[in-house]
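Chemist: just coords:
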């Protein structure tokens, strides 16, 4: 992993991913409550994308903050 990639503020990135997840959930609920299938459907797509991001980003960005094995980031510790 490059030095630049290690310089990211993982707390900030983790918060942005969590915000996207929360916003998508709120939009999906709004679409369901107001019978607006387009909003509901697209919010579901965003939730799927956020799920993919959580699975494929370095562990430092994942919600729990743990590093994933083999991600090449130093200092990872399993609880």
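Modeler: Thanks, I have it. Given the structure is predicted, the values throughout are model-derived calculations rather than measurements. Numbering: from 1, shown residues only.
Chemist: Mind giving me the packing neighbours of the helix or strand encompassing residue 22?
Modeler: Here residue 22 sits within helix 10-33, counting by DSSP states H and E. Packing partners of helix 10-33 (3 or more Cβ pairs under 8 Å, 6 or more residues apart in numbering; DSSP states H and E): helix 37-56. In this view, the C-beta of every residue, glycine as well, is placed from N, C-alpha and C.
Chemist: Going by neighbour count, list what's buried in the helix it packs on.
Modeler: Within helix 37-56, the residues scored as buried using 16 or more other Cβ atoms under 10 Å are 39, 40, 43, 44, 46, 47, 50, 53, 54.
Chemist: what's the closest of those to residue 20?
Modeler: Proximity of the buried residues of helix 37-56 to residue 20 (Cβ to Cβ) peaks at residue 50, which lies at 5.1 Å.
Chemist: Against residue 36, how distant is that closest one?
Modeler: Residue 50 sits 20 Å away from residue 36, going by Cβ to Cβ, to the nearest Å.
Chemist: got the buried residues of helix 37-56 as a markdown table, with pLDDT and distance to residue 10 columns?
Modeler: What follows is the buried residues of helix 37-56, written out as a markdown table (pLDDT from 0 to 100; distance: Cβ to Cβ, whole Å):
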| residue | pLDDT | distance to residue 10 |
| --- | --- | --- |
| 39 | 97 | 31 |
| 40 | 97 | 31 |
| 43 | 97 | 26 |
| 44 | 96 | 27 |
| 46 | 96 | 22 |
| 47 | 95 | 22 |
| 50 | 92 | 16 |
| 53 | 86 | 13 |
| 54 | 83 | 13 |
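Chemist: and which of those is nearest residue 14?
Modeler: Distances from residue 14 to the buried residues of helix 37-56, taken by Cβ to Cβ, are shortest for residue 54, at 9.6 Å.
Chemist: Look up how far residue 34 lies from the closest one.
Modeler: 28 Å.
Chemist: Then residue 55?
Modeler: Applying Cβ to Cβ to residue 55 and residue 34 gives a distance of 31 Å.
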